[in-house]
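A.B. asks: for reference, the sequence and a predicted model appear below.
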Amino acid sequence: MTIMEAPQATRRLTTSKAMVEAIEQEMERDPSVLYLGEDVGAYGGIFSSTTGLLERFGPQRVIDTPISETAFIGLGIGAAVEGMRPIVELMFADFMGVCLDQIYNHMAKIHFESGGNVQVPMVLTMAAGGGYSDGAQHSQCLWGTFAHLPGMKVVVPSSPADAKGLMTAAIRDDNPVVYVFHKGVMGLPWMAKNPRTLDEVPEGEHVVPIGKARVAREGSDVTVVTLSLSVHHALDVAERLAPQGIDVEVIDLRSLVPLDREAILTSVGKTGRLVVVDEDYLSYGVSGEVVATVAGVDPGLLVMPAQRVAVPDVPIPYAHDLEYAVLPRHDRIERAIHAVTAR
Amino acid sequence: MTIMEAPQATRRLTTSKAMVEAIEQEMERDPSVLYLGEDVGAYGGIFSSTTGLLERFGPQRVIDTPISETAFIGLGIGAAVEGMRPIVELMFADFMGVCLDQIYNHMAKIHFESGGNVQVPMVLTMAAGGGYSDGAQHSQCLWGTFAHLPGMKVVVPSSPADAKGLMTAAIRDDNPVVYVFHKGVMGLPWMAKNPRTLDEVPEGEHVVPIGKARVAREGSDVTVVTLSLSVHHALDVAERLAPQGIDVEVIDLRSLVPLDREAILTSVGKTGRLVVVDEDYLSYGVSGEVVATVAGVDPGLLVMPAQRVAVPDVPIPYAHDLEYAVLPRHDRIERAIHAVTAR
Amino acid sequence: MTTDTSRSATAPAPRASQPGEQLRPEPAVRAQLYETMVLCRTYEEAILREYHADKGPGFDIGKGLVPGEMHLSAGQEPVAAGVCAHLTTDDAVTATHRPHHLAIAHGVDLGRMTAEIFGRETGLGRGRGGHMHLFDPATHFSCSGIIAEGFPPALGQAFAFQRRGTDRIAVAVTGEGAANQGAFHESLNLAALWRLPVVFVVEDNDWAISVPRAASTAVPSNADRAMAYGIPGLRVEDNDVEAVYAAAGEAVARARAGEGPSLLEIHTLRMWGHFEGDAQGYRPELADVPANDPIPRYEHELRDAGVLDDARVAAIRDRATARVEDAVAFAKGSPTPDPSSATDLVFA
Amino acid sequence: MTTDTSRSATAPAPRASQPGEQLRPEPAVRAQLYETMVLCRTYEEAILREYHADKGPGFDIGKGLVPGEMHLSAGQEPVAAGVCAHLTTDDAVTATHRPHHLAIAHGVDLGRMTAEIFGRETGLGRGRGGHMHLFDPATHFSCSGIIAEGFPPALGQAFAFQRRGTDRIAVAVTGEGAANQGAFHESLNLAALWRLPVVFVVEDNDWAISVPRAASTAVPSNADRAMAYGIPGLRVEDNDVEAVYAAAGEAVARARAGEGPSLLEIHTLRMWGHFEGDAQGYRPELADVPANDPIPRYEHELRDAGVLDDARVAAIRDRATARVEDAVAFAKGSPTPDPSSATDLVFA
Ligand SMILES: Cc1ncc(C[n+]2csc(CCOP(=O)(O)OP(=O)(O)O)c2C)c(N)n1
Ligand SMILES: Cc1ncc(C[n+]2csc(CCOP(=O)(O)OP(=O)(O)O)c2C)c(N)n1
Ligand SMILES: [Mg+2]
Ligand SMILES: [Mg+2]
């Protein structure tokens, strides 16, 4: 993890508390930062993205909106253009369809269309991901869609410390940043969680620069490139395989835009074997981009065909067994690693 | 080109006329087919997608809508659910942001969510692409975005004959089909055009099955995988390079969903060299998927790193020289071919 | 009350319902309205029980026989009973994330609906959809989990019915929070413009999750918004099932007669949390909720009117319980989908 | 006329302007309104000339010094002149795909705007934006090519102005066709709810490309739609610049005073095609258009009133011509962007 100042005291926080801590510190630091969205006030955010902020900063800075995503995301854009630093929450990434125009044709393009004369320093937060039977309209990741459309940075934290450090960086960034938090990384009390969702988080100011991947686990036999919740699954599998003599390196991309292609190439250059794990849809997305990054530089780096573990181009099914059959979980990750390490 | 019945008399038509001919024939054949959209009636479609249809079928079947894409695309969905076969036009692909929810969360998912009990036999047509200085909100292709989201077929015709055959197939398909026509392939009188936009088209019924790529030009040295207008550019370059002894095979994907991975692998298996040309954005899109398709089966097929020629993750600039610098045109395609054929 | 706050040259004046304004329905109809409400409530109580039966230790939303989000409709039965009483299964209904009462009142098969909620192969969607995605071609019922996005497909169903020269109609239901979504506006304008046979129903339960209507909606009554489309708008106060029945009767008749759409807003009551697990700490009037339960109130009224007595009430409750228990038993006894089929059914 | 078709308890009654209802502005103001309209028209005539100068042989939209779509505003000058007369460059204006008249009336630098339209490095957007994407931080002016999607950002500018305790406002302009887009509804509701200092202006030029307003809009006046948000709504008939000036004066004062948004619809005139190259075959009333040109009409009125005479008119025309010719010369004399910089400026 990159910490820009001298290492500090740490304590264990859930990802959601770490994310809120960053927002809180930045709202303290900069009065132009505010948080807008549905149920972000008294409720504290459906996925605890704003717990305690209303009590701390009041309804002038922590603002519940009507269910009018186009209007309030656009409002964030206009406020950012005038120099505020709004954080706007889209409750679920799945709801992008009602407001994508403001996001991709306005938030993301104004800086370019204005020849760099207008900046849009805003953060668009959204919950993503499945695993708890919320069905086809409430379980999608969709980060590949945002990453495909130019003009917005896309960050996808996996760990509590990164959730804090990337949020701080996102708020301070002069560009629009889409901050996608998987519900499964938040450490919510009412959802099954990976123990890794509770971890050490630096106190005080903590900035993780956007665009640098993290080697979540060093290994020599195979590279697993992944992001968000899948990082936890990949680390679980890596630990399980270590005794079998398979040494897995896990790369946490941390952001899709910018994409740290260097980190991918360095690791694959070392292992010669690549597995990409992504909870977004398989085709025309993240897993293809990562594989193509290697094949576009030197296909010879791959001693075995790259394996892609993603949602196989199917809407997320409701029934638990069906959903778990399409999610990129431990079993599928392990099979993919065995496939690329088979002799 | 695949023709499902005995070859028939042909004559030369522009792509737009060929597309309209298919719609006209299907509207004749099936009274449940109708066409809805903005300016599709008296105007005949801003890009001549409906010329003459109003005169032929009247305002009950060729219907001008308000500027309410969410409402009228959703109307098409409900009508399709009740057994009609609407063709609904989104004037520009760029406008997907105001109506994507109906498209990707409803049109594309109802069949799956209903366990296959409800079908949505509709065609969603849209104009795409740049090259005439229409700016960042009117020049995008975005087919990679539609193709990433499961549940809709995505067809991308390049030739007049395919425009007819794929439209016929799309209308008869029991699934939602997104039919993306690049303005540059239509052969419009008021836009610079490639001579290939006027070509032979079978008379009478002509069906091109959705999902089979077309070898637009056979060659032995390098495979260019591409789609839509870029097929024409690739063929121009192939003809230019032939005298230099570079024999280029051009694969016209015709559809992104389903993607004919077989055709890609067969050709690359033969040439060992891959260039992907796509007018959509570079990252997390079509070009990555095509390269990953090969690297996921056998990276050894690639004797040289794959080359991707696409829009380099930048909004489409307005000024002509800037726009032509980012579009995947002849110069860049030729450079990419030289790069993969260099010894 | 919104009486004459929104008179229009182009449309009948939106009104608020006056108690006693409409004639009382026939006793048989009144008993049926009551029975429908009881069936809806009995169903939601059963789902509530089954949903929480195995979420522990603690509460894990993804656990148990009925995993995922669960939005129950207790308190909103008057809307479903009063509106759907005017429909046949040839008419279409599009509902929201909170669809059970409307599905039941419209006649969706209880067993297959319950099997879907339990994620079984025998479910309406073979377990693929879940409780926010109930699709029943037999009754032209559907719902969507995206706010207000159930309106546009209803237009298309109404369009198809109109084109075929039938008098079938579509009813599109949403919550008061949804009335601030763009799809609401586009849909009402297009339906009015093309005189589509649609009845738009807004269930105003005062809350959009934790956001009170005053914090989301610039006007006191969404019925006023009918003005923006030149169509009739009516707000029904007091969660009164007979007022809903009367208002919906007019609107449905108008749609069947080819006179175009109407907009009804019904002031109803969300008795439970937005979804199960919602502690409702944001809700000041929580203590008053139980006393406003519309079912005992209506039962009392019908007993006074001699329409119901102990025996009839018992019979109605027993029928409801039996039907619901059968449905739950059918669901529990049905097979779960084969994981190897997870990628099927994307395309026809 | 929509007089008293939409009275509201929650908002002042929308009205239609009555000729002579408002006091005539000062002669200096009237002369200024005229001069602004002349400048806008002179500008559009110059762009028309430059645009078509080198599109041939035939017409190739991508060719020439000014390529791409071109939406000109001839006939709609009364809207720009009458509304922007009440603004300073500290106020924000968001416009549409047809933005020139509003940019000019709001005080955007003519040279840099023209350079943008010519795709030059000296342009407002360094040639990256084009005529539908004019962004001028100096005057808080912007526009968007996506229908009605210029409204939401205007809310945010107004929100920022309100939060800073200023009396600055935002004016959000769109066409009548755009009033059926979801963003229109969401924006008006949110602005009304939060009492944002916004003036919403609908330019009703009767057409949305080839679709007449009767085929797109369920109500005769979009001013009626103010009812749906409890805000004042006013429709100005006859493309009358002084009626626009009066109506906008009220709405702007209201916004500055912290009383919230208003909605104005102005019945104006699209004198030319939707975009250049539009043959307008769909347009029956085409022959009457030239006679309805608002500029000669207003000039005649001001001559009768003694506000203008030959000398003053000539001076105004000469000033306009000189400013426009300077702007065009500046644009033509400016460098085109270096192609090697095409991928710059995506991120700050
Ligand atoms: C477009 C969209 N935005 C937000 C949500 C999240 N959400 C689900 S239900 C709900 C509240 C809906 O309130 P209302 O329309 O009043 O219906 P109710 O829940 O009260 O029945 C919200 C915000 C969603 N599903 N879709
Ligand atoms: C969301 C969206 N849909 C469609 C279009 C295409 N389009 C551009 S201008 C226009 C007509 C707009 O009519 P109106 O709002 O009345 O403005 P006018 O052109 O008359 O000034 C249309 C349909 C668009 N730009 N954006
Ligand atoms: Mg509600
Ligand atoms: Mg117009």
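C.D. replies: Looks like it came in fine. Ligands and ions are numbered 1, 2, ... in the order given.

A.B. asks: which residue does the stretch 101-250 of chain A bring closest to ligand 2?
C.D. replies: At 7.2 Å from ligand 2, A:Asp101 is the closest residue in the stretch 101-250 of chain A, using Cβ to the nearest ligand atom. All C-beta atoms are positioned from the backbone trio N, CA, C, and that covers glycine.

A.B. asks: check contacts around the closest residue in space to that residue that isn't next to it in sequence.
C.D. replies: Of all residues not flanking A:Asp101 in the chain, B:Gly97 sits nearest, at 2.8 Å (Cβ to Cβ, 6 or more residues apart in numbering or on different chains). When contacts are counted by Cβ atoms under 8 Å, 6 or more residues apart in numbering or on different chains, B:Gly97 touches A:99-105, D:146, D:149.

A.B. asks: got it, and A:Ala147?
C.D. replies: A:154, A:256-257, A:259, A:286, A:289, B:283-284.

A.B. asks: cool, C:Ser340 as well?
C.D. replies: A:Ala325.

A.B. asks: same check, this time on A:Arg329
C.D. replies: A:His233.

A.B. asks: near ligand 1, which residues of the stretch 101-250 of chain C? Just list them.
C.D. replies: Within the stretch 101-250 of chain C, the positions lying close to ligand 1 (Cβ under 6 Å from any ligand atom) are C:145-147, C:174-178, C:203, C:205, C:207-209.

A.B. asks: wait, which of those is closest to B:Gly184?
C.D. replies: C:Ile146 (34.5 Å; Cβ to Cβ).

A.B. asks: run a quick neighbour tally on A:Pro59.
C.D. replies: For A:Pro59, the count of nearby residues is 11 (other Cβ atoms under 10 Å in any protein chain shown).

A.B. asks: which non-adjacent residue is nearest it?
C.D. replies: Closest to A:Pro59 by Cβ to Cβ, 6+ apart is A:Gly41, at 6.4 Å.

A.B. asks: what are the phi and psi values at the one you found?
C.D. replies: With angles defined as degrees, to the nearest 10, A:Gly41 sits at phi -90, psi -100.

A.B. asks: swap in A:Ala108?
C.D. replies: phi -80, psi -20.

A.B. asks: gap between it and ligand 1?
C.D. replies: Shown here: A:Ala108 relative to ligand 1, a distance of 20 Å by Cβ to the nearest ligand atom, to the nearest Å.

A.B. asks: helix, strand or coil for A:Pro189?
C.D. replies: coil (DSSP: H, G, I helix; E, B strand; the rest coil).

A.B. asks: quick one: contacts for it?
C.D. replies: A:Pro189 is in contact with C:58-59, counting by Cβ under 8 Å, 6+ apart.

A.B. asks: number of nearby residues for the residue nearest to A:Pro59?
C.D. replies: For A:Gly41, using other Cβ under 10 Å, the count is 24.

A.B. asks: what residues does it make contact with?
C.D. replies: Under the criterion of Cβ under 8 Å, 6+ apart, the neighbours of A:Gly41 are A:50, A:54, A:59, A:62-64, C:210.

A.B. asks: what residues does the stretch 151-300 of chain C have near chain A?
C.D. replies: Within reach of chain A by Cβ under 8 Å from any Cβ of the partner chain, the stretch 151-300 of chain C has these residues: C:177-178, C:180-183, C:208-211, C:215-217, C:277, C:281-282.

A.B. asks: buried only: go through those for me.
C.D. replies: The neighbour-count test (16 or more other Cβ atoms under 10 Å in any protein chain shown) marks C:177-178, C:180-183, C:208-211, C:215-217, C:282 as buried among those.

A.B. asks: on that earlier part again, can you redo the residues of the stretch 101-250 of chain C next to ligand 1 as CSV with distance to D:Gly127, pLDDT and secondary structure?
C.D. replies: CSV is the format used below for these (distance: Cβ to Cβ, whole Å; pLDDT from 0 to 100; DSSP: H, G, I helix; E, B strand; the rest coil):
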residue, distance to D:Gly127, pLDDT, secondary structure
C:Gly145, 44, 98, coil
C:Ile146, 39, 98, coil
C:Ile147, 40, 98, coil
C:Thr174, 45, 98, strand
C:Gly175, 47, 98, strand
C:Glu176, 47, 98, coil
C:Gly177, 44, 98, helix
C:Ala178, 43, 98, helix
C:Glu203, 52, 98, strand
C:Asn205, 53, 98, coil
C:Trp207, 50, 98, strand
C:Ala208, 45, 98, strand
C:Ile209, 46, 98, coil
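
A.B. asks: where does chain C get nearest to ligand 1, residue-wise?
C.D. replies: C:Gly175 (2.2 Å).

A.B. asks: which one is that residue nearest to, not counting chain neighbours?
C.D. replies: C:Glu203 (5.2 Å).

A.B. asks: surely the one you found touches C:Val171?
C.D. replies: No - assessed by Cβ atoms under 8 Å, C:Glu203 is found out of contact with C:Val171, at 11.8 Å.

A.B. asks: helix, strand or coil for C:Ile266?
C.D. replies: strand.

A.B. asks: bridge partners for it, pull those for me.
C.D. replies: Per DSSP bridges, the residues bridged to C:Ile266 are C:Glu203, C:Val236.

A.B. asks: quick one: pLDDT of it?
C.D. replies: Confidence at C:Ile266, expressed as pLDDT, is 98.

A.B. asks: ranges for the strands of the chain?
C.D. replies: Chain wasn't specified; assuming chain A. Secondary structure of chain A (DSSP state E): strands at A:10-14, A:33-37, A:62-64, A:85-92, A:123-128, A:153-155, A:177-182, A:198-202, A:214-217, A:222-226, A:248-252, A:255-257, A:274-281, A:307-311.

A.B. asks: hm, I was asking about chain C
C.D. replies: For chain C, the strands defined by DSSP E occupy C:15-16, C:92-95, C:141-143, C:170-175, C:198-204, C:207-208, C:211-212, C:233-236, C:262-267.

A.B. asks: ranking those strands by mean pLDDT, which is last?
C.D. replies: Lowest mean pLDDT within the strands of chain C: strand C:15-16, a mean of 52.

A.B. asks: in contact with C:Leu110, which residues?
C.D. replies: Applying Cβ under 8 Å, 6+ apart, the residues near C:Leu110 are C:43, C:104, C:323-324, C:326-327.

A.B. asks: closest one of those to chain D?
C.D. replies: Among the contacts of C:Leu110, C:Ile104 lies closest to chain D (Cβ to the nearest Cβ), at 30.9 Å.
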